[in-house]
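Enquirer: Provide a 3D model corresponding to the input given below.
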Amino acid sequence: MLVTICCAAICLQLPYTILYLVNAEKDLLWPGYKTLHAKIYLLRKVTEMIATANYAVNFALYCVSGSAFRHSVQTMCQRRRKPQCYINSHYQEALSISMTAVTLVNANRRSPRL
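Expert: Below you'll find the predicted structure:
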């Protein structure tokens, strides 16, 4: 599994690294080639997307090959569902208390006129 993840990281990040280095020295290597600079810029943006895809590929590889990782993700997702009900009921209770307090304060402000 580790070899697969390392190979995927190298294959997905190497093109960006090479273009990053080429972009840094493009003026010394090819002076005056403005269209080539534009092509390097476009290729660099494409390779940035490929390098960023490395994170999604790592997640997929861990899900496919690691049963402990799958179990941890399932546990984490199940835990996130439970507190939402508590937070929601707690929020509704706090809102109810604050609305009651506002009603009581407003009722006290209305004093009978003499």
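
Enquirer: alpha carbons only for contacts and neighbour counts from here, please
Expert: OK.

Enquirer: ok, how many other residues are close to Ile40?
Expert: Residues contacting Ile40 under the criterion other CA atoms under 10 Å number 17.

Enquirer: Show me which residues of the strand or helix carrying Val46 are buried.
Expert: According to DSSP states H and E, Val46 maps onto helix 34-65. Along helix 34-65, these residues count as buried under the neighbour rule (16 or more other CA atoms under 10 Å): His37, Ile40, Arg44, Thr47, Glu48, Ile50, Ala51, Asn54, Asn58, Leu61, Tyr62.

Enquirer: Can you tell me, leaving aside adjacent residues, what's nearest to the second one?
Expert: Setting aside the residues directly before and after it, Ile40 is nearest to Asn23 in space (CA to CA, 6 or more residues apart in numbering), at 6.9 Å.

Enquirer: Sticking with that neighbour, tell me its helix or strand.
Expert: Under the criterion of DSSP H and E, Asn23 resides in helix 2-24.
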